[in-house]
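Colleague: Sequence and computational prediction follow.
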Amino acid sequence: MTTRLNAAAVLATALTLLVGCGDQPSPASNDAAATAASTHTGTADPAAGTDTDTADPATTAPAATAAEAPGPPDPCLLTRTEMSRLAGVEIVDADTDESSKEVAVCAYHFHSADGPAILLQYHKGGAAMINNPLFKDAEKVTALGAPAEWFDGQAGLHVAVGDGDALEVMLGASSVKLRGGDLKGLAVDIARLALTRLAG
């Protein structure tokens, strides 16, 4: 009798253990659940079938920005001594205005630092003014080896350079007495030396 009770107790114990094991997930199931919990970062969108979480901003690649076109080069292509020699007057100061993306201006002042000036300009896209039928008072200049025109009314010389750009020598009314009044010849000489500097 005792033997039968012991056998029954052993059997009951075994059944209890088997039932208990059936309620617990396997180690593999535990690992899969843990992996899913660690990799899921948001609520799934039932309509799209995808995770609605957005990418971490820290890992998002910045948008590429278009490179800006280079501005005009430094227009102070002559020294004050060189300009003084060509113009026949002392150049007391030279300053640059490069605030525009199209035109850079170097002003060679004579008489005083804030006095009248000879302007040497680099004008991006400025070659459109040369050989333009809209400008009736233009006089062609052939001494520079590049398309060029002299505008007597503004005492200005425009010379084509680069890819559609222009080098401009602007003398203006204040320079009327420079070099004995030969303003066109002065502008051509200034432009010739400036073109040499641009060519490197």
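Modeller: Looks like it arrived, so ask away.
Colleague: Pull the number of nearby residues for the residue lying closest to Pro75 once chain neighbours are set aside.
Modeller: In space, Pro75 comes closest to Cys106 once its chain neighbours are excluded; the distance is 4.1 Å by Cβ to Cβ, 6 or more residues apart in numbering. For glycine as for every other residue, the C-beta is placed from the backbone atoms N, C-alpha and C. Counted with other Cβ atoms under 10 Å, the neighbours of Cys106 add up to 22.
Colleague: Only C-alpha atoms, please: export stretch 110-122 in PDB.
Modeller: C-alpha atoms of stretch 110-122 as PDB (Å, rounded to 0.1, in the frame of the first residue of the first chain):
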ATOM      1  CA  PHE A 110      43.800 112.300 -56.400                       C
ATOM      2  CA  HIS A 111      44.200 115.700 -54.800                       C
ATOM      3  CA  SER A 112      42.900 114.300 -51.400                       C
ATOM      4  CA  ALA A 113      41.900 110.900 -49.800                       C
ATOM      5  CA  ASP A 114      38.200 111.700 -50.400                       C
ATOM      6  CA  GLY A 115      38.600 113.700 -53.600                       C
ATOM      7  CA  PRO A 116      37.900 112.800 -57.200                       C
ATOM      8  CA  ALA A 117      39.000 109.400 -58.300                       C
ATOM      9  CA  ILE A 118      39.800 107.200 -61.300                       C
ATOM     10  CA  LEU A 119      37.700 104.100 -61.100                       C
ATOM     11  CA  LEU A 120      39.000 100.700 -62.200                       C
ATOM     12  CA  GLN A 121      36.100  98.200 -62.200                       C
ATOM     13  CA  TYR A 122      35.700  94.500 -62.800                       C
END
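Colleague: Pull out the buried residues from that stretch.
Modeller: Across stretch 110-122, burial judged by 16 or more other Cβ atoms under 10 Å covers 110, 116-122.
Colleague: now stretch 184-200
Modeller: Of the residues in stretch 184-200, 184, 186-191, 194-195 count as buried by neighbour count, 16+ other Cβ under 10 Å.
Colleague: Pull the residues that contact it.
Modeller: With contact meaning Cβ atoms under 8 Å, 6 or more residues apart in numbering, stretch 184-200 is reached by 73, 77-78, 82-83, 86-87, 118, 120, 139, 141, 143-144, 146, 148, 150, 152, 155-157, 159, 161, 167, 169, 171, 175, 178-179.
Colleague: Just say helix, strand or coil for the residue nearest to Pro75.
Modeller: Three-state call for Cys106 (DSSP: H, G, I helix; E, B strand; the rest coil): strand.
Colleague: quick one: it and Cys76 touch, right?
Modeller: Yes: counting by Cβ atoms under 8 Å, Cys106 does reach Cys76; the two are 3.9 Å apart.
Colleague: and the end-to-end length of stretch 90-101?
Modeller: Terminal residues of stretch 90-101 are spaced 30 Å apart (Cα to Cα, to the nearest Å).
Colleague: Now tabulate the buried residues of stretch 184-200 in a markdown table and tack on pLDDT, secondary structure and distance to Ile130.
Modeller: Output for these, formatted as a markdown table (pLDDT from 0 to 100; DSSP: H, G, I helix; E, B strand; the rest coil; distance: Cβ to Cβ, whole Å):
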| residue | pLDDT | secondary structure | distance to Ile130 |
| --- | --- | --- | --- |
| Lys184 | 96 | helix | 16 |
| Leu186 | 97 | helix | 19 |
| Ala187 | 98 | helix | 14 |
| Val188 | 98 | helix | 15 |
| Asp189 | 98 | helix | 19 |
| Ile190 | 98 | helix | 17 |
| Ala191 | 98 | helix | 13 |
| Ala194 | 98 | helix | 16 |
| Leu195 | 97 | helix | 14 |
